[in-house]
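Enquirer: Next comes the sequence, and after it the predicted model I'd like to discuss.
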Amino acid sequence: MAIIDILNAVVEFDKVAVVENVKNAINSKTPIDDILNKGLIEAMDVVGEKFSSGEVFVPEMLQAAKAMQAGLEILKPHLTGDAMIAKGTVIIGTVKGDLHDIGKNLVTMMVEGAGFNVVDLGVDVDTDKFISEAQAHDADVVCLSALLTTTMPIMAKTVEAFKEAGLKAKTIIGGAPVTDAYAQQIGADGFSDNAPGAVELIRKLVAA
Amino acid sequence: MNAKERMGAAINLKPVDKIPNAPFTEAPVCQYFGSTFKAALLEGPQMLAAHMKSLEEFKFDWVMLGMGYIGGIIPEALDCQVSFPEDVFPIIEKTSIFSMADVEKIAEKDMFTKRMESFLDGVRLLKKELKGEVPIACEYISPFTIATRLRGTNEIMMDMYDNPELVHALQEAIVPLDIAMGKALIDAGVDYIFYGADMECPILLSPKHYKEFVHEPTTKVCNELSRLGAKVLPHMCGDIVKTGIVDMLLEMDIHGIMPGNLTQEKVLDIRQLKEKVEDRICIFDNINPNGPLLIGKPEEVTKETLVHLNRAKGMSGYIFSTAGTSSPFTPKENYLAMDREVINFQWK
């Protein structure tokens, strides 16, 4: 079974084909790392690019992520060694007072798909919770999401609290009203206006 | 011209004496002049006091209401568990639609809760006080966006493939309720329905899905509100021209459009939109409320405002606005800087 078939099945969000192709690849002794990295993870990169270029939209991304996760479930019992090690730990949540989760969920799926361990704190998350969870999980990156202009200032407060706490975690922000200029103003370590961009940013920050 | 005449002229693509100035002011107005954010969003006397003081100082050409209405009152009336904090938007703590059986219950709901009546009382008070000289606009939400509030955004987006019948049925149940709420707003004195289509915009949904799931319920609601006498003004993010969404919007009885993306300049220039809609409907401009207006200095706000005004100079049916709600934390001096440029701009 060719890796490309796994990748294509995820991109076409054909969950049944993903599961079947992953099983076949395992049975035909395809390296597990290749199934994971060149099949499932790379597929989500392709989906992210298609989202950025307007070829696919949120429902299709959600379906692709679901298909990828189905493949990952088949693969999990076979993961050993380096393949089992997450590329880093990312804490994510929508800030206090904001219940919007679609952007956060897209980022979560894309970042998980890229091989990171993601702790999703959900919505309406206060600053203390971000700090305590980042400490508890020894997070590399903390992602703050907001859709409302009214809740953006909570981001500033949270970023400041992270600096005061002296944690190693980098803070990045995103969401429809958020801009790069705002990220710079509040001292965040990065900004992305879309989910694939967030993945790239996290990769860079973790590698740095 | 008074504010009502000026806005009316622009919406009807007639000449104006100066640019209509209609930003989304509710949140900063609450902050500058309200007793608390919550009270100024939801309770009649405080709403009235905040908006009247705001008109006196800023001379806006409309009063814009509805953040608490769309964010909290509607979901609460439709069985969501909603909290109403003092200093931020209402929060949906728990959604209400988990199955088709829940959809059937929604259809029987009485929307006119105590909180809804209190909000409508606020509209009536304002209408009386404004003496017909300043129009009232109210934010409003589409059946699809209400559906995402009731069911959860991710769930609805997944349902579009996994359970499309539920998406259709839920919107079908919401349409008559949405129309009833619109009628109540119009009866209370709302002149302009600012039709928020947040969750079906072409950043999130494909044009194919828009047509399949959204177009029909949206058409029913917009056409009926228009028939009832409101000016219907859809607000939608993304490139509505390239994706063809604007063509579908133009099939409806609408009177204007706000291409509301917060990063609009990267997505769609209003001149492109004007070429498309010609003189059929008016266009609300979309200065980014989270750019210099929120985080810059007054001189930066002035500069950005002038970019927008100069780009639109001479355009028929043009109304200056922000691309959505301004933050309550917007510095007042920045708002005043924007306001000053719009009021003093030499339009001709």
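Expert: Nice, I can see it.
Enquirer: CA atoms only: put the host helix or strand of A:G93 into CSV for me.
Expert: Assigned by DSSP states H and E, A:G93 belongs to strand A:89-94. Output in CSV follows, covering the C-alpha atoms of strand A:89-94 (Å, rounded to 0.1, in the frame of the first residue of the first chain):
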residue,chain,number,x,y,z
THR,A,89,3.5,20.1,24.3
VAL,A,90,1.1,22.8,23.4
ILE,A,91,-1.6,24.3,25.6
ILE,A,92,-4.5,25.9,23.8
GLY,A,93,-7.7,27.7,24.9
THR,A,94,-10.1,30.5,24.1
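Enquirer: quick one, the helix or strand following that strand and strand A:89-94 angle?
Expert: Next in sequence after strand A:89-94, counting helices and strands by DSSP H and E, comes helix A:102-113. Helix A:102-113 and strand A:89-94 are oriented at 170 degrees to each other (axes from the mean of the first three to the mean of the last three Cα atoms, to 10 degrees).
Enquirer: Just confirm yes or no for helix A:102-113 near chain B.
Expert: Yes: using Cβ under 8 Å from any Cβ of the partner chain, helix A:102-113 reaches chain B at A:I102, A:N105. C-betas here are computed from N, CA, C, even on glycine.
Enquirer: got the CA coordinates for that helix in PDB?
Expert: C-alpha atoms of helix A:102-113 as PDB (Å, rounded to 0.1, in the frame of the first residue of the first chain):
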ATOM      1  CA  ILE A 102     -14.000  27.000  16.000                       C
ATOM      2  CA  GLY A 103     -10.600  28.600  15.400                       C
ATOM      3  CA  LYS A 104      -9.200  27.000  18.500                       C
ATOM      4  CA  ASN A 105     -10.500  23.600  17.400                       C
ATOM      5  CA  LEU A 106      -9.000  23.900  14.000                       C
ATOM      6  CA  VAL A 107      -5.700  24.800  15.400                       C
ATOM      7  CA  THR A 108      -5.900  21.900  17.900                       C
ATOM      8  CA  MET A 109      -6.600  19.400  15.100                       C
ATOM      9  CA  MET A 110      -3.800  20.700  12.900                       C
ATOM     10  CA  VAL A 111      -1.300  20.900  15.700                       C
ATOM     11  CA  GLU A 112      -2.200  17.400  16.900                       C
ATOM     12  CA  GLY A 113      -2.000  16.300  13.300                       C
END
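Enquirer: hmm, who's touching whichever helix or strand comes after that helix?
Expert: Later in the chain than helix A:102-113, the nearest helix or strand by DSSP H and E is strand A:117-120. In this structure, residues lying in contact with strand A:117-120 by Cβ atoms under 8 Å, 6 or more residues apart in numbering or on different chains are A:86, A:88-93, A:104-105, A:108, A:111-112, A:133, A:137, A:139.
Enquirer: got a winner among those for most neighbours?
Expert: A:V90 (31 neighbours; other Cβ atoms under 10 Å in any protein chain shown).
Enquirer: Surely it touches A:L144?
Expert: No: using Cβ atoms under 8 Å, A:V90 is not in contact with A:L144; the gap is 11.6 Å.
Enquirer: one step back: the strand holding A:G93 close to chain B?
Expert: No: Strand A:89-94 lies apart from chain B when judged by Cβ under 8 Å from any Cβ; the minimum separation is 10.8 Å.
Enquirer: Kindly report the same for stretch A:195-208.
Expert: No: Stretch A:195-208 is not in contact with chain B by Cβ under 8 Å from any Cβ; minimum separation 11.9 Å.
Enquirer: Would you mind extracting the C-alpha trace of that stretch into CSV?
Expert: Extracted C-alpha coordinates of stretch A:195-208, given in CSV (Å, rounded to 0.1, in the frame of the first residue of the first chain):
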residue,chain,number,x,y,z
ALA,A,195,-4.6,27.2,11.6
PRO,A,196,-1.8,26.1,9.1
GLY,A,197,0.1,29.2,10.0
ALA,A,198,-0.2,28.4,13.7
VAL,A,199,1.4,25.0,13.0
GLU,A,200,4.3,26.5,11.2
LEU,A,201,4.8,29.0,14.0
ILE,A,202,4.7,26.4,16.7
ARG,A,203,7.2,24.3,14.8
LYS,A,204,9.6,27.3,14.6
LEU,A,205,9.2,28.2,18.2
VAL,A,206,9.7,24.7,19.4
ALA,A,207,12.8,24.2,17.2
ALA,A,208,14.3,27.5,18.3
